[in-house]
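# Take a look and give me a structure for this.
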Amino acid sequence: MGRPDEHGHHEGRKSPRRWLATGMKAFLSVATVFMIYRQWSNPISKLEFSYAELQDLLLNVPCPHKAREWSSYYTWGSHFPGEGFDQARWTKTRWSEFGLQDIEITQHSVYLPRLKDQRVALLNLNQTHNQVVHEVSLMEDTAPPSSAERPFIPAFFAWSPKGNVTAEYVYANFGLDQDYEELLQRGISVKGKIVIIKLTFNSPLLERLNATASRFNQILSATKAGAIGVLAYTDTQGDEPYTEANGYLPLPDGPARPPSMIQRGTIGLIESSPNDADFRAHLPQIPAVPISYADAAQLLQALNNRGPNASELSERWWGGGLGYRGVQYNVGPSAPGMVINLHCDSEIEVGQVHNVLGTVEGSIKDEIILLGNHRDTWGPGAGDSHSGSSALNEVVRALGTALQQGWKPLRTIVIASWEGEEVGRVGSRSWFQDNMQKANTTIAAYLNVVEAAAGQNFHVQASPLLSRAILAASDRVLSPNQTMSGQTVLDVWGGDVRFGTAGDSILFQGCACLPSSDFGFLAGPGDPVFPYHSLYDTLEYMDKFGDPTWEYHTATAKMWGSLAAHLSETPVLAFNVTDYAIAMKKAANYLESLLSGHDTPTLNSLQEAIDTLFEAAIVHDSKGASLLAETLARPTPPKLQTELQTVNRKYMAFERVFCRDIDRLTRDSNHLFVPSTPYYVHKSGFPTLEKAIQEMNSSFIQIERDLLVERIGRATELLREDGGGIDRVQS
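Residues are numbered from 1 along each chain as shown. Model prediction:
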């Protein structure tokens with residue numbers, strides 16, 4: 001690989017920093033062109049309606065009191081997947097009032113999880129009578145008001161299998177593979193036992209260690225370790241400073257996590273509809289139930305002084321926040337006869353979900369900018385996902401205002417309100433399956449928002465193709481938490497566009513390999529607790545702690561609309577393949593560092609393929625900038641129009657090249673380069689190759705490396721050839 005220099009870069013290879021400098025020189029002209037464009041009147045729209053005027057509308061129409069009005073409706077009553085038809089009709093009515101004319105509700109038959117009964121209890125079998133030591137509550141202490149017809153559901157994990165098990169139990173930290181390995185090193189097996197684990201969502205410790213995992217992987221790890229059941233709770237260790245231990249009152253009276261709060265969620269996935277003969281499911285094999293930290297403390301206290309203490313294990317075990325409740329964090333196992341009964345009676349039913357699709361037809365009908373958010377939630381959902389639903393309504397209201405003033409988009413814009421994301425994106429997945437050919441060949445970009453406002457920490461995860469467009473949009477919107485007057489979201493945020501997916505963008509980015517983004521404001525260090533996936537995620541929480549001024553809702557709406565306009569209105573798509581090549585280079589360098597000193601296949605061929613792609617990317621992006629300048633300078637002749645179409649079709653086809661299998665566009669983890677990870681997990685790219693390297697599996701490394709070299713070569717060929725496009729990729 002050559003000797004690394006003082007910066008860790010190998011001789012004969014450009015570092016990502018040097019690449020970035022080269023790329024920036026090539027794109028100085030783009031910035032100049034766009035300054036001209038900001039003052040340009042779209043010749044296809046009414047001449048008096050300029051791009052600058054459109055952006056002004058999108059930045060000025062969204063307002064806090066309207067966002068709150070929408071949220072007050074969306075958060076009332078249960079709207080778990082399969083219960084969303086009333087909200088779909090209401091959403092369609094509002095969008096029509098805003099000025100959209102082409103709106104439809106699509107209905108899809110899907111598999112849905114249903115809870116019939118469950119129980120968790122700590123038992124002392126050594127007693128003849130009164131064996132119940134503690135009965136676990138599976139509903140929060142204070143359920144929010146709801147309609148009599150639709151009370152909120154008890155806490156459960158979607159797709160948990162049926163099970164009724166009684167066994168001794170062990171505390172297994174976050175329940176990751178490394179945790180079970182440490183337990184075995186201490187002579188503690190979880191085989192045949194129930195495990196109590198901490199959920200990983202937004203854990204500062206795991207984020208710092210880059211060691212987080214999904215709920216599904218947590219249950220999978222427990223299964224591999226031999227456990228027969230799982231109880232999962234959210235520890236308060238990541239809530240500093242707002243904890244009961246520090247004297248703060250819990251929600252709804254204060255900013256701390258309520259002891260009875262339970263984080264619901266999905267732990268499986270069904271990747272097909274009832275009408276799909278090719279049924280696929282990724283479901284857990286052992287029952288699992290979410291519980292509150294108040295109940296977890298009762299169970300963990302019974303392990304005090306039994307087995308090693310967490311303080312004796314590695315750093316990943318440290319920092320539990322329930323010491324003030326008498327928990328010592330011993331791992332156990334529990335004393336003989338001290339057992340947990342875990343009973344879960346669930347089933348899979350066929351139900352109906354309803355999506356709302358609004359279309360604003362543009363002059364270019366086969367290049368679509370899709371905006372989406374999901375309406376279904378585990379509880380009221382003020383933060384997840386109705387802060388996003390409310391922001392989306394404000395985007396639609398702003399677009400409707402522009403339409404009423406004579407604007408017509410250059411590209412078609414489609415707005416989607418999905419149902420069924422919380423149990424595996426069943427609504428968006430079904431819609432995509434029903435419209436696969438058209439969607440795969442016409443969607444230029446998908447812009448997703450789940451949590452528009454659940455804290456003050458702005459996050460973005462996106463395809464590298466969209467990075468520059470996102471930076472431009474975030475620099476147009478004033479930040480709600482300015483430390484100095486006039487600061488934009490970009491000024492405060494800093495511009496860290498990460499890899500990853502969330503919500504329905506998992507389908508569009510991770511499965512269908514369409515350029516996608518997900519962004520919004522979430523709780524960060526020092527923010528009040530975000531009551532994620534619980535019955536405390538209410539309008540009252542949002543009014544008091546989440547976004548009391550509702551300005552974060554509107555900031556997200558403004559950025560969402562501005563980004564959509566930026567992508568829809570530029571004659572040349574505002575994509576950047578040079579940034580994609582730079583991201584690949586960074587990822588390849590990181591993976592190469594993991595191989596240092598090991599006798600495994602090298603990544604030389606991968607590095608060389610990326611070098612070649614980078615050169616082709618600069619040429620292509622420069623061509624796009626030149627065409628944009630020429631288009632804005634004079635009327636577009638037929639020859640120039642053909643060149644524009646060719647450049648844009650290449651941009652649209654580029655990411656599709658990295659689909660592992662073009663025939664599995666609705667199955668998870670289909671992307672060869674962009675990992676399907678949450679925003680708080682740092683990943684560099686090439687997820688399957690990274691897994692092969694972590695396992696030091698030489699044949700696996702070679703197979704994945706060679707596949708990547710072939711696809712990167714195909715992407716390079718796509719950029720270089722005279723024609724090209726999506727049809728070429730799929731042939």
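
# C-alpha only now, for contacts and for neighbours.
Fine.

# in stretch 349-367, what's buried?
Of the residues in stretch 349-367, 352-362, 366-367 count as buried by neighbour count, 16 or more other CA atoms under 10 Å.

# list the contacts for the closest residue in space to residue 63 that isn't next to it in sequence?
Spatial nearest neighbour of residue 63, excluding adjacent residues (CA to CA, 6 or more residues apart in numbering): residue 554 at 5.8 Å. Residue 554 makes contacts with 62, 63, 64, 67, 391, 394, as judged by CA atoms under 8 Å, 6 or more residues apart in numbering.

# Which helix or which strand is home to residue 554?
helix 551-569 (DSSP states H and E).

# what's downstream of that helix, the next helix or strand?
Immediately after helix 551-569, counting by DSSP H and E, sits helix 577-595.

# packing partners for that following helix?
In terms of contacts (3 or more CA pairs under 8 Å, 6 or more residues apart in numbering; DSSP states H and E), helix 577-595 is packed against helix 16-38, helix 604-633, helix 687-694.

# Averaged pLDDT, it. What do you get?
For helix 577-595, mean pLDDT rounds to 96.

# cool, and stretch 371-390?
Rounded mean pLDDT across stretch 371-390 is 97.

# Would you list the phi and psi of residue 330?
Per-residue torsions, residue 330: phi -80, psi 150 (degrees, to the nearest 10).

# Oh, that last question was meant for residue 187, not what I typed.
Per degrees, to the nearest 10, the backbone of residue 187 is at phi 80, psi 20.

# Torsion angles phi and psi at the residue nearest the centre of the chain?
Closest residue to the average C-alpha location of the chain: residue 502 at 1.1 Å, with CA atoms, centre = their mean. The phi/psi pair for residue 502 (degrees, to the nearest 10) reads phi -160, psi 150.

# got the contact list for it?
So residue 502 contacts 450, 518, 676, 677, 678, 679 (CA under 8 Å, 6+ apart).

# Looking at neighbours, which among these is most surrounded?
Counting neighbours by other CA atoms under 10 Å, residue 518 leads the contacts of residue 502 with 28 neighbours.

# how would you label that residue: helix, strand or coil?
Under DSSP: H, G, I helix; E, B strand; the rest coil, residue 518 falls in the strand class.

# beta partners for it?
Here residue 518 sits in beta bridges with residue 448, residue 461, going by DSSP bridges.

# residues touching it, list them.
447, 448, 449, 450, 460, 461, 462, 501, 502, 505.

# related to what we said a few turns ago, which members of the buried residues of stretch 349-367 are the farthest-apart pair?
352 and 362 (31.2 Å; CA to CA).

# now the helices for the stretch 101-250 of the chain?
177-185, 204-209, 215-224 (DSSP state H, counting those that start in this stretch).

# If you count neighbours, what's buried in the second one?
For helix 204-209, the buried set under the neighbour-count rule, 16+ other CA under 10 Å, comprises 204, 205, 206, 207.

# for the record, mean pLDDT for that helix?
Averaged over helix 204-209, pLDDT sits at 78.

# Send me it as CSV with only the CA atoms.
Extracted in CSV, the C-alpha atoms of helix 204-209 (Å, rounded to 0.1, in the frame of the first residue of the first chain):
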residue,chain,number,x,y,z
PRO,A,204,-24.1,9.4,24.2
LEU,A,205,-21.9,6.6,25.4
LEU,A,206,-22.5,4.3,22.4
GLU,A,207,-22.3,7.3,20.1
ARG,A,208,-18.8,8.1,21.5
LEU,A,209,-17.8,4.4,21.2
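
# any idea how far residue 286 is from residue 648?
48 Å (CA to CA, to the nearest Å).

# right, I mislabeled it, should have said residue 540
For residue 540, the distance to residue 286 (CA to CA) stands at 36 Å.

# Please say which of those two ends up with more neighbours.
Each of residue 540 and residue 286 has its neighbours counted (other CA under 10 Å); residue 286 has more, 22 against 17.

# pLDDT weak spots in this structure?
By pLDDT under 70, the low-scoring segments of the chain are 1-48, 145-149, 679-681, 723-731.

# I'd like the domain boundaries of it, if you could list them.
16-38+574-730, 63-111+349-373+382-569, 113-347 (automatic domain parsing).

# So which of those is nearest residue 57?
domain 63-111+349-373+382-569 (6.4 Å).

# From the chain's centroid, how far away is that closest one?
Between the centre of domain 63-111+349-373+382-569 and the centre of its chain there are 12 Å (CA atoms, centre = their mean, to the nearest Å).
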